[in-house]
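Q: sequence and predicted structure, then a few things I'm wondering about:
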Amino acid sequence: MIKKIFTIAFLYLKTTYSSRSVFIFSLAMPLLFTFVLGQAITGGPNPEDIPTSWPLDAVDLDQSEWSAHLLSRLEENPSVDLNLTDLQTAETNLENQDVSAILVIPADFGEKITAGQDAGLDMRQGADEIAQAQIMAEAVNAAAAEVSGSLAIAEISVGTADRVGLLESASESQETAYRLEAFERAEREWALGAPIAVQAEAVSRLAQGAAIPDGASQSSPGMLVMYVLFFTFGGGASLLVERDEGTLRRLLVMPMNRTTLMAGKLLGIFLGALIQMAVMVLAGQFVFGVSWGQAPLALAAMLLAYGFAGTALGLMVAALVRTTAQANAAGTISVMALSALGGAWWPIEITPPYMQQFSQVFPTGWAMRGFHDIITRGLGLEAVAVEVAVLIGFGLIFLLIGIWRFRYE
């Protein structure tokens, strides 16, 4: 029986790969689309080329202790490359797009602060480079908030001193000096370190700080996942062709049962899927520079599990339709939908959270998850055990439905 199964599988592969169109569609096109899609989804500029700070021209028309403290806060911000200049030069730089924004500290800034009034800042942004201008605006807002916090502490200190009688006979200049001293002490305390530390962490499936996959690291597994389904769905449709042409009926006359015949056909489709995936993996590793080979056992388990799931899915689709035309139409639509929703066309990590959860309804989503665990996150067999188990589970369900519903006549 086993010999008959392998003979049928070998004949299926020989018949399939004797067609030139199979080589073009199953081997050449996936590699072509791997290259094209990889170029299309390559990430942005090299992080080393992205500036860590942006120029900001500041014009201090106040020239007071209060404005000096604000400017000092801005200088401490790593995102700001502060440049003190005059108003005319700053406006010229903004007009020439040498800077994305300028800050003008009004002449009455310190006076309004000491009087307890709202001291507005004049922040001017250019028409272009909006993103950088927003960064500068946030930096100025942060510096102003820090100064406001120290000022609030100084006002509390002045109020407390007044209530206990320390400033009972003090002149206005003495009270201002006291306020400034309290303000400067608050600034020194803040400089020593804030009492509350905030730790920010990006929440995603990406482990160990790995980057979102892009380029060939995304397109290579994505095209593998998609074109394997095209191959296995085509294999399922070939069963319908043989049924319609009476080939299956004639084969059943031979000394073999239906189980042997179906097992041989499915083994041939499965081996063909493995051949296609092997070509994609080797091309990805040695042509496109994708890290396919860093966990061989995990990769082998994923390829076997996904090949099984894809083969069973192709059989199920063939069993649920009536004609070859329906199988081809349903196969094309299904492959496109499963590939897109499973994250084969783009990194699933860039989609909304509900789409990331929804992708786990499909075997393609689990396949892409497992392949990226190997390629992008550098994990091994233990890490992909869940993905392998889920894909096998999908395959068993598809296989049972396919065998139950398939008609040989």
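A: On my side now, so go ahead.
Q: now do the most far-flung residue of the chain relative to its centre against residue 29, distance only.
A: Computed with CA atoms, centre = their mean, the maximum C-alpha offset from the centroid of the chain is found at residue 169, amounting to 65.3 Å. Noted for residue 169: a distance of 91 Å to residue 29, by CB to CB, to the nearest Å. All C-beta atoms are positioned from the backbone trio N, CA, C, and that covers glycine.
Q: how about the CA coordinates for stretch 268-286, as CSV?
A: Extracted in CSV, the C-alpha atoms of stretch 268-286 (Å, rounded to 0.1, in the frame of the first residue of the first chain):
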residue,chain,number,x,y,z
GLY,A,268,2.1,14.4,-4.2
ILE,A,269,0.5,17.8,-3.5
PHE,A,270,2.2,17.9,-0.1
LEU,A,271,5.6,17.1,-1.5
GLY,A,272,5.1,19.6,-4.3
ALA,A,273,4.3,22.3,-1.7
LEU,A,274,7.5,21.3,0.2
ILE,A,275,9.6,21.6,-2.9
GLN,A,276,8.1,25.1,-3.6
MET,A,277,8.8,26.2,0.0
ALA,A,278,12.3,24.8,-0.1
VAL,A,279,13.0,26.9,-3.2
MET,A,280,11.6,30.0,-1.6
VAL,A,281,13.6,29.5,1.6
LEU,A,282,16.9,28.9,-0.3
ALA,A,283,16.3,31.9,-2.5
GLY,A,284,15.4,34.0,0.5
GLN,A,285,18.5,33.0,2.4
PHE,A,286,21.1,33.2,-0.4
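Q: what's the mean pLDDT across that stretch?
A: The average pLDDT within stretch 268-286 is 89.
Q: now do stretch 24-35
A: Here the average pLDDT along stretch 24-35 is 75.
Q: which of the residues in it are buried?
A: By 16 or more other CB atoms under 10 Å, the buried positions in stretch 24-35 come out as 26-27, 30-31, 33-35.
Q: now that stretch, how far from the centre of its chain.
A: 24 Å (CA atoms, centre = their mean, to the nearest Å).
Q: isn't there a strand covering the residue farthest from the centre of the chain?
A: No: membership of residue 169 in a strand is not supported by DSSP: H, G, I helix; E, B strand; the rest coil, which gives coil.
Q: for it, give its distance to residue 9.
A: As judged by CB to CB, residue 169 and residue 9 stand 104 Å apart.
Q: so where's the protein uncertain?
A: Counting by pLDDT under 70, the chain shows low-confidence ranges at 23, 41-52, 114, 116, 126-131, 168, 187, 189-211, 246-256, 408-409.
Q: and the longest strand for it?
A: Taking DSSP state E as the criterion, the chain has its longest strand at strand 54-60.
Q: which outside residues touch that one?
A: The set of residues external to strand 54-60 that reach it, using CB atoms under 8 Å, 6 or more residues apart in numbering, is 67-68, 71, 74, 79-87, 89-90, 93-94, 98-105, 132, 135-136, 139-140.
Q: ok now it, how far from the chain's centre?
A: Mean-position distance between strand 54-60 and its chain equals 35 Å (CA atoms, centre = their mean).
Q: tabulate the buried residues of stretch 24-35 (JSON lines), appending distance to residue 393 and secondary structure.
A: Listed next are those as JSON lines, based on distance: CB to CB, whole Å; DSSP: H, G, I helix; E, B strand; the rest coil:
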{"residue": "26", "distance to residue 393": "26", "secondary structure": "helix"}
{"residue": "27", "distance to residue 393": "29", "secondary structure": "helix"}
{"residue": "30", "distance to residue 393": "26", "secondary structure": "helix"}
{"residue": "31", "distance to residue 393": "31", "secondary structure": "helix"}
{"residue": "33", "distance to residue 393": "29", "secondary structure": "helix"}
{"residue": "34", "distance to residue 393": "28", "secondary structure": "helix"}
{"residue": "35", "distance to residue 393": "34", "secondary structure": "helix"}
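Q: burial measure for residue 8, as a count.
A: Neighbour count of residue 8, defined by other CB atoms under 10 Å: 21.
Q: contact partners for the closest residue to residue 233 other than its chain neighbours?
A: Closest residue in space to residue 233, ignoring its immediate chain neighbours: residue 331 at 3.5 Å, by CB to CB, 6 or more residues apart in numbering. Applying CB under 8 Å, 6+ apart to residue 331 gives the contacts 229-230, 233-234, 236-237, 314, 317.
Q: which ones among those residues map onto helices?
A: The members of these that map onto helices under DSSP state H are 229-230, 233-234, 236-237, 314, 317.
Q: on that earlier part again, compute the inter-axis angle for the next helix-or-strand element following the longest strand of the chain and strand 54-60.
A: Using DSSP states H and E, the next helix or strand after strand 54-60 towards the C-terminus is helix 65-76. If you take axes from the mean of the first three to the mean of the last three CA atoms, to 10 degrees, helix 65-76 sits at 170 degrees to strand 54-60.
Q: check which helices and strands helix 65-76 sits against.
A: Packing partners of helix 65-76 (3 or more CB pairs under 8 Å, 6 or more residues apart in numbering; DSSP states H and E): strand 54-60, strand 80-84, strand 101-105, helix 109-114, helix 130-163, helix 172-192.
Q: run me through the strand neighbours of the first one, direction for each.
A: The strands beside strand 54-60 in its sheet (DSSP bridges) come out as strand 80-84 (parallel), strand 101-105 (parallel).
Q: in CSV: those, plus distance to residue 148 and mean neighbour count.
A: Output for the strands paired with strand 54-60, formatted as CSV (distance: least, CB to CB, whole Å; neighbours: other CB atoms under 10 Å):
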stretch, distance to residue 148, mean neighbour count
strand 80-84, 18, 16
strand 101-105, 14, 24
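Q: can you redo those as JSON lines with distance to residue 60?
A: Formatted as JSON lines, those follow (distance: least, CB to CB, whole Å):
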{"stretch": "strand 80-84", "distance to residue 60": "7"}
{"stretch": "strand 101-105", "distance to residue 60": "5"}
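Q: understood, closing this out.
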